[in-house]
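# Any chance you can model this:
(one chain, ligands or ions: 1)
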Amino acid sequence: MRKVLVIGGTGAQGVPVVKALATGSEYAVRVITRNTQSKEAQTLAHLPRVTVFQGNPYDELTLRQALMGIDCVFVNTNGFAIGEKAEIYWGIRLYELAREFRLQHFIYAGLEYGSKLGGFDPKYRCGHLDGKGKVIDYLSAQPTSPMAWSALTSCMYIEALAEFLRPFPHPDDPSTFVFAAPLGAGKCPLIFLEDYGAYARWMLDNPAQSNGLNLHVATEDIGWEELATVFSEVTGQKAIYHDLGLDEYFQRGVLDPDAKVGHSTDPNDSTLQTYRENFTGFWNTWKDELSHRDYALLDRILPGRVKTVKQWMELTGYSGKPAPVLKDYRDRAQ
Ligand SMILES: NC(=O)c1ccc[n+]([C@@H]2O[C@H](COP(=O)([O-])OP(=O)(O)OC[C@H]3O[C@@H](n4cnc5c(N)ncnc54)[C@H](OP(=O)(O)O)[C@@H]3O)[C@@H](O)[C@H]2O)c1
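Purely as a prediction, here's the structure:
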């Protein structure tokens, strides 16, 4: 049985990874968390062969203790908590520690390097995407032996359609749902988190195929016009797409545009972007369709994957009602 350390395991992205690894008896999982008593940590601790380990993952001594006896590591650093600069540092440092501890496999939860894909045009600069993208570039320069490495590059969670991306009632006709986003006619990828967990598991199960691979995963690339149409087909509710300008998007107050991205770091750090800066680059990256996924490859890896947003809506009984997704949002609302 291989022992896997999961960083970020209590989060929206980490939980399905831990659950996928806890299925069968091939893996024992150690989840590092700042609070082993949280609801999320306790739920995981009740899964077979899953233990929770108290500590801050952005601390070298804690990581050294957590890495004892570990064979593989899944790393999802939290750029929204620590900011881009620290995210780059810890991604690289974790790779180095994994090598020092002679691990077999390092799996990095990545995101698209929007700036690079957009030729470093500043309109695409988004720290929470770019930081992870830079770490993947670093990983790509590393050998695939003696330790395997893989990057699992994702995108917005499909579950965010009930939170960050949820539709709102039309002000003049409350029976109509409005899906509003600054996307123009762009198609944007969304990933079903349960499938995300299955891809992480596949990487560990199949190192011969996943070693040295940057796998870009999504359920489907979908335009918001189509999203509204599909929602109507599934729920019978009227829905429209409202293409927002970025100024209108930030005025709507979903995010505090002037707050710094990096809630657990020094807000005076001049390298930190504001939410306005960060999410301008974010939405421009998707609107201009800078990134691509190989869906034929994803079908081969996970033949039973959820293949469309419509299928996901039907499977989960999606109704457009709000439902919490991110642990950070829940924690900060308390
Ligand atoms: N939202 C999306 O659609 C999306 C999509 C792809 C990638 N991502 C990326 O995923 C990362 C966030 O993970 P998530 O989506 O799973 O978020 P989440 O549900 O909000 O979970 C946050 C995770 O980060 C840990 N954490 C929070 N604040 C921390 C701090 N100050 N110090 C140390 N650990 C802290 C939490 O662990 P504790 O148990 O210690 O609280 C928890 O595991 C971000 O880098 C984001 O860019 C997000």
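# burial of the nearest residue to residue 148 once chain neighbours are set aside, as a residue count?
If the residues on either side of it in the chain are set aside, residue 148 comes closest to residue 211, at 3.9 Å by CB to CB, 6 or more residues apart in numbering. Placement of C-beta: from N, CA and C, glycine included. If you count neighbours by other CB atoms under 10 Å, residue 211 ends up with 15.
# measure residue 98 to the ligand for me?
For residue 98, the distance to the ligand (CB to the nearest ligand atom, to the nearest Å) stands at 18 Å.
# any idea how far that residue is from residue 79?
Computed with CB to CB, to the nearest Å, the distance linking residue 98 and residue 79 is 19 Å.
# picking up where we left off before, the residue nearest to residue 148 contacts residue 146, doesn't it?
No: the criterion here is CB atoms under 8 Å, and residue 211 misses it with residue 146 at 11.1 Å.
# Show me which residues of the stretch 101-250 of the chain are close to the ligand?
Applying the criterion CB under 6 Å from any ligand atom, the portion of the stretch 101-250 of the chain that neighbours the ligand consists of 111, 128, 154, 156-157, 160.
# among these, which are in strands?
If you go by DSSP state E, those have 156-157 in strands.
# number of nearby residues for the residue of the chain found nearest the ligand?
Using CB to the nearest ligand atom, the closest approach of the chain to the ligand is made by residue 11 at 2.3 Å. Other residues near residue 11 come to 21 when the count uses other CB under 10 Å.
# can you tell me which residues contact it?
By CB atoms under 8 Å, 6 or more residues apart in numbering, the residues touching residue 11 are 40, 76, 78, 326-328.
# what does residue 203 give?
By CB under 8 Å, 6+ apart, the residues touching residue 203 are 105, 107, 150, 152, 210, 213, 215.
# Make a ChimeraX selection of the buried ones in the contacts of residue 11.
Listed next is the ChimeraX selection for buried residues among these, using 16 or more other CB atoms under 10 Å:
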select :40,76,78,326,327
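# which ones among the contacts of residue 11 come in contact with the ligand?
If you filter the contacts of residue 11 for contact with the ligand, counting by CB under 6 Å from any ligand atom, you are left with 76, 78, 326-328.
# where does the stretch 1-150 of the chain have low pLDDT?
Counting by pLDDT under 70, the stretch 1-150 of the chain contains no low-confidence residues.
# mind checking the end-to-end distance for stretch 4-18?
The first and last residues of stretch 4-18 sit 9 Å apart, counting by CA to CA, to the nearest Å.
# close enough to count as contact, residue 3 and residue 73?
No: counting by CB under 8 Å, residue 3 sits too far from residue 73 to count as a contact (9.7 Å).
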